[in-house]
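1. Give me a 3D structure for the following:
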Amino acid sequence: MTRMIDIDPSESPRARFAYELRRHRLAARLTQKQLARRIGFSTSAVAMVETSKFRPSERFAELCDEAFGLDGVVTRLYAEVWPPPPPVPAHFRAWAVEERRATALRFWAPMLVPGMLQTENYARRVLSRLPGATEQEVEQRLSARMLRQAVLSRDDGPVITALIDEGVLHRPVGGPAVMREQLTHLVAMMRHPRVTVQIVPYGAEALSGLNGAYSIAEMRGNPYMVRVESQPWGRTLSERGLIADLVKGFDAIRADAYPQHLSIVMIEETMRGEWT
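-> Reported below is the predicted structural model:
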């Protein structure tokens with residue numbers, strides 16, 4: 001019998017698929033070579049899927065179900081791990097998928113309210129300022145951004161932690177009415193049981209975050225994917241060393257942030273003093 005490899009299914013969605021595929025193959029008493037012959041793929045392809053080094057196709061999952069005599073078990077797992085991409089720009093699709101799968105999301109936002117917490121009017125203003133964006137493109141992207149926020153209403157939705165620079169509260173995106181609505185929404189979201197928002201004050205150096213915004217996706221306590229914003233488009237990355245550095249940076253920024261109850265006070269004071 002093939003020896004079970006050392007792979008942690010809680011490390012990431014892809015690792016979970018790899019682990020379950022190998023488990024079902026061993027239960028069916030098949031070697032990698034035998035499975036490969038049955039489904040018409042190479043032995044190396046099966047090996048790479050089982051070591052989480054290669055993303056299979058949906059057809060691969062369907063054929064595995066047939067080979068194992070399972071009623072769609074592997075195919076359903078495939079749909080959970082690699083759901084259809086949401087209607088967002090191509091450069092953002094990989095991250096949008098992770099937002100729907102992650103059990104926790106962390107956002108560092110030095111310039112704008114994170115998209116996951118934006119109101120429709122705030123998001124429309126941000127998207128309308130993209131160079132060359134047509135009205136139709138703005139509305140399409142706006143619809144996709146609002147759709148992303150549906151994870152917040154799911155019973156099994158991710159835990160959200162957002163660190164927002166104080167300057168974001170004063171940046172006049174769309175004018176006083178839009179800002180007032182946005183900050184009111186932000187306070188309301190801070191009362192959500194799975195949402196924590198902390199304001200990083202001007203007085204905090206937060207030097208590790210001055211290079212730009214980024215987001216971290218976690219699966220059961222394990223950070224496994226990051227989104228780094230840059231021009232002209234951001235990047236979605238999975239390099240472990242980079243993820244570790246950004247997690248350390250996030251923790252350093254959070255150490256300088258106000259706790260949530262004081263952050264609410266700051267937001268409400270800004271609304272009354274600046275956006276009324």
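2. Quick check: mean pLDDT of the helix or strand where Val265 lies?
-> Val265 belongs to helix 260-274 when assigned by DSSP states H and E. Throughout helix 260-274, pLDDT has a mean value of 96.
3. Likewise for stretch 222-242?
-> The average pLDDT within stretch 222-242 is 91.
4. Now it - C-alpha only, PDB.
-> Only the C-alpha atoms of stretch 222-242 are listed here, as PDB (Å, rounded to 0.1, in the frame of the first residue of the first chain):
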ATOM      1  CA  ASN A 222      -3.300  29.100   8.700                       C
ATOM      2  CA  PRO A 223      -2.600  32.000   6.500                       C
ATOM      3  CA  TYR A 224      -2.300  30.600   2.900                       C
ATOM      4  CA  MET A 225      -2.900  33.400   0.400                       C
ATOM      5  CA  VAL A 226      -2.300  37.100   0.200                       C
ATOM      6  CA  ARG A 227      -3.500  39.900  -2.100                       C
ATOM      7  CA  VAL A 228      -0.900  42.700  -2.500                       C
ATOM      8  CA  GLU A 229      -2.200  45.900  -4.000                       C
ATOM      9  CA  SER A 230       0.100  47.600  -6.600                       C
ATOM     10  CA  GLN A 231      -0.100  49.600  -9.800                       C
ATOM     11  CA  PRO A 232      -1.700  49.000 -12.300                       C
ATOM     12  CA  TRP A 233      -3.200  45.800 -10.800                       C
ATOM     13  CA  GLY A 234      -2.600  44.000  -7.600                       C
ATOM     14  CA  ARG A 235      -1.200  40.500  -7.300                       C
ATOM     15  CA  THR A 236      -2.500  37.300  -5.500                       C
ATOM     16  CA  LEU A 237       0.400  35.300  -4.100                       C
ATOM     17  CA  SER A 238       0.900  32.100  -2.100                       C
ATOM     18  CA  GLU A 239       4.600  32.200  -1.300                       C
ATOM     19  CA  ARG A 240       5.000  31.100   2.300                       C
ATOM     20  CA  GLY A 241       7.900  33.400   3.100                       C
ATOM     21  CA  LEU A 242       6.000  36.500   1.800                       C
END
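5. quick check: domain ranges of this structure?
-> Residue ranges for each domain of the chain read 13-81, 90-274, as given by automatic domain parsing.
6. In TSV: those, plus mean neighbour count.
-> Where C-beta positions appear, they are placed from N, C-alpha and C, glycine not excepted. TSV is the format used below for the domains of the chain (neighbours: other C-beta atoms under 10 Å):
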stretch	mean neighbour count
domain 13-81	17
domain 90-274	17
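7. want to try TSV for those domains, with distance to Ile7 as columns?
-> Formatted as TSV, the domains of the chain follow (distance: least, C-beta to C-beta, whole Å):
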stretch	distance to Ile7
domain 13-81	5
domain 90-274	13
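8. Would you mind telling me which of those domains is nearest Asp6?
-> Distance to Asp6, taken as C-beta to C-beta, is lowest for domain 13-81 among the domains of the chain, at 10.0 Å.
9. where does the stretch 51-200 of the chain have low pLDDT?
-> Applying pLDDT under 70 to the stretch 51-200 of the chain picks out residues 85.
10. May I have the residues that are in contact with the residue nearest in space to the middle of the chain?
-> Nearest to the mean C-alpha position of the chain, by C-alpha atoms, centre = their mean, lies Glu99 at 3.1 Å. Each residue near Glu99 by C-beta atoms under 8 Å, 6 or more residues apart in numbering is listed here: 105, 116, 148, 151, 158, 217.
11. repeat that for 7 Å
-> Listed by C-beta atoms under 7 Å, 6 or more residues apart in numbering, the contact set of Glu99 reads 105, 148, 151.
12. Check which helices and strands the helix holding Val265 sits against.
-> Applying 3 or more C-beta pairs under 7 Å, 6 or more residues apart in numbering; DSSP states H and E, we find helix 260-274 packed against helix 166-170, helix 176-189, strand 195-200.
13. Let's see that with 6 Å instead.
-> Judged by 3 or more C-beta pairs under 6 Å, 6 or more residues apart in numbering; DSSP states H and E, helix 260-274 is in contact with helix 176-189, strand 195-200.
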